[in-house]
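Visitor: just the structure for this:
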Amino acid sequence: MSFDVRIRKQVSGGDRRFSLLVEFQTDARRTVIYGPSGAGKTLTLQAIAGLLQPDDGVISVDGQPVFDRAAGVDVPARARRLGYLFQDYALFPRLTVRQNIAFGLQRGWWNPTRHGGGEAVDRWLQAFELGPVAHQRPHQLSGGQRQRTALARALVNGPRALLLDEPFSALDPALRGRMRGELESLLDRIGIPMLMITHDPEDLARFGDRRILLEDGVVRAGLSAEG
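Guide: Predicted structure coming up:
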């Protein structure tokens with residue numbers, strides 16, 4: 001799996017203007033984009049996922065353009081087949097664990113039934129040990145259970161890569177270490193490539209086979225784990 005990203009985006013909010021000018025390539029199994037808060041990491045990940053349209057540039061996944069402004073290409077987010085884990089998990093509060101996972105299979109905006117999703121959902125409920133809480137709602141779950149539910153939703157439709165936005169920042173320090181281990185075991189087990197953004201040095205050390213430093217909207221360095 002490879003990512004080739006060359007994009008430009010101008011963002012305005014109030015009296016603040018932010019310019020994103022990002023260029024990098026990676027074919028590593030695990031890539032971490034790191035840097036301080038406000039560096040443009042989430043904007044970059046959203047652009048790759050198809051949740052944000054750049055002003056200009058090209059994004060290719062596995063050699064196939066999913067965005068090319070000059071050529072008029074902008075593949076919809078779902079068709080890019082990239083699982084996305086939001087920083088706050090973005091679970092639907094009125095849906096059960098099963099329904100939240102099954103939502104990843106939906107084509108429209110209708111809520112899944114309480115027993116929907118079939119074998120695809122059953123597989124991830126079992127893989128993440130969520131069966132006992134399958135009919136509970138997010139507010140009834142622990143932090144780790146919420147994260148596993150969001151991961152299951154990102155994986156249920158068989159994405160070709162997983163995009164993670166600060167996946168451990170919402171967890172307390174004691175839980176972060178355990179969830180890092182669980183994520184690493186999961187990635188090893190299913191063999192899916194991963195692109196993560198973080199500002200945590202421990203995430204970088206654990207998952208940064210390829211490391212891309214982003215500061216003030218610009219890539220400052222891109223290194224392999226060896227150097």
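
Visitor: what's the mean pLDDT across the helix or strand hosting residue 149?
Guide: Under the criterion of DSSP states H and E, residue 149 resides in helix 143-155. On average, the pLDDT along helix 143-155 is 89.

Visitor: quick one: the helices in this protein?
Guide: Counting by DSSP state H, one finds helices in the chain at the ranges 41-49, 97-102, 118-127, 143-155, 173-190, 201-207.

Visitor: what is the least confident helix or strand in the protein?
Guide: Using mean pLDDT, DSSP states H and E, the weakest-scoring helix or strand in the chain turns out to be strand 218-224, at a mean of 76.

Visitor: so what's residue 226 scoring on pLDDT?
Guide: pLDDT, residue 226: 54.

Visitor: what's the answer for residue 89, then?
Guide: Per-residue confidence (pLDDT) for residue 89: 90.

Visitor: I'd like the distance between it and residue 168.
Guide: Applying CB to CB, to the nearest Å, the value for residue 89 to residue 168 is 11 Å. Quick note: C-beta positions are derived from backbone N, CA and C, even for glycine.

Visitor: residues near residue 51, how many?
Guide: 16 (other CB atoms under 10 Å).

Visitor: wait, I meant residue 64
Guide: The tally of other residues near residue 64 (other CB under 10 Å) stands at 12.

Visitor: make sure residue 6 is actually in contact with residue 67.
Guide: No: using CB atoms under 8 Å as the test, residue 6 is too far from residue 67 to be in contact (9.9 Å).

Visitor: so which of those two has more stuff around it?
Guide: Shown here are residue 6 and residue 67; by other CB under 10 Å, residue 67 has more neighbours (24 against 17).

Visitor: hey, what's the closest residue to that one other than its chain neighbours bridged with?
Guide: Spatial nearest neighbour of residue 67, chain neighbours left out: residue 59 (4.2 Å); criterion: CB to CB, 6 or more residues apart in numbering. Taking DSSP bridges as the rule, residue 59 bridges to residue 5, residue 67.
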